[in-house]
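Chemist: would you be able to build a 3D model of this:
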Amino acid sequence: MVHIWLCGAAFVAGLVFCGLLSSLFELLTGRRVRFQSPFIVRRRVLRSLAVMLCVGPVVFLREALASHRQRLIGHGALAGAAFTSGLWVTATGVVVIEAVLAVGRI
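Modeler: Below you'll find the model as predicted:
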């Protein structure tokens, strides 16, 4: 039962982190975060990778929902995208929690 609570905490931490960072990038740039320029730049691969690792789940799910509204993908693909985004958010939450605990030990 403890594992379910830990997974839930990681999911919530990742969801909050990804959502806040996505909103922050949108406020700073005045554009929606997307899988294209200015958020992904070939000359700055590491920066682009770091940005997309943090805000990728939000962008991925938003693009999947837009594609579903336009009837480009079906319900199964949308469910797969939601599941993948949920796993991605949970993994991000684990990293965020570990980072906070590591900073707390210093």
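
Chemist: for Q70, what are phi and psi?
Modeler: For Q70, the backbone dihedrals (degrees, to the nearest 10) come out as phi -80, psi 0.

Chemist: what's the spacing between the longest helix along the chain and its chain's center?
Modeler: Determined from DSSP state H, the single longest helix within the chain is helix 75-105. Computed by CA atoms, centre = their mean, to the nearest Å, the chain-centroid distance of helix 75-105 equals 7 Å.

Chemist: which strands and helices lie in contact with that helix?
Modeler: The helices and strands touching helix 75-105, judged by 3 or more CB pairs under 8 Å, 6 or more residues apart in numbering; DSSP states H and E, are helix 2-29, helix 45-69. (Each C-beta comes from the backbone N, C-alpha and C, glycine too.)

Chemist: with mean neighbour count, distance to A79 and mean pLDDT added, can I get these in TSV?
Modeler: Shown next, in TSV, are those (neighbours: other CB atoms under 10 Å; distance: least, CB to CB, whole Å; pLDDT from 0 to 100):
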stretch	mean neighbour count	distance to A79	mean pLDDT
helix 2-29	14	17	93
helix 45-69	16	9	91
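
Chemist: nearest to G76, out of these?
Modeler: Ranking the helices and strands packed on helix 75-105 by proximity to G76 (CB to CB) places helix 45-69 first, at 10.5 Å.

Chemist: show me what that closest one is in contact with.
Modeler: 14, 17-19, 21-22, 25, 32-35, 39-41, 73-75, 77-78, 81-82, 84-86, 88-89, 92 (CB atoms under 8 Å, 6 or more residues apart in numbering).
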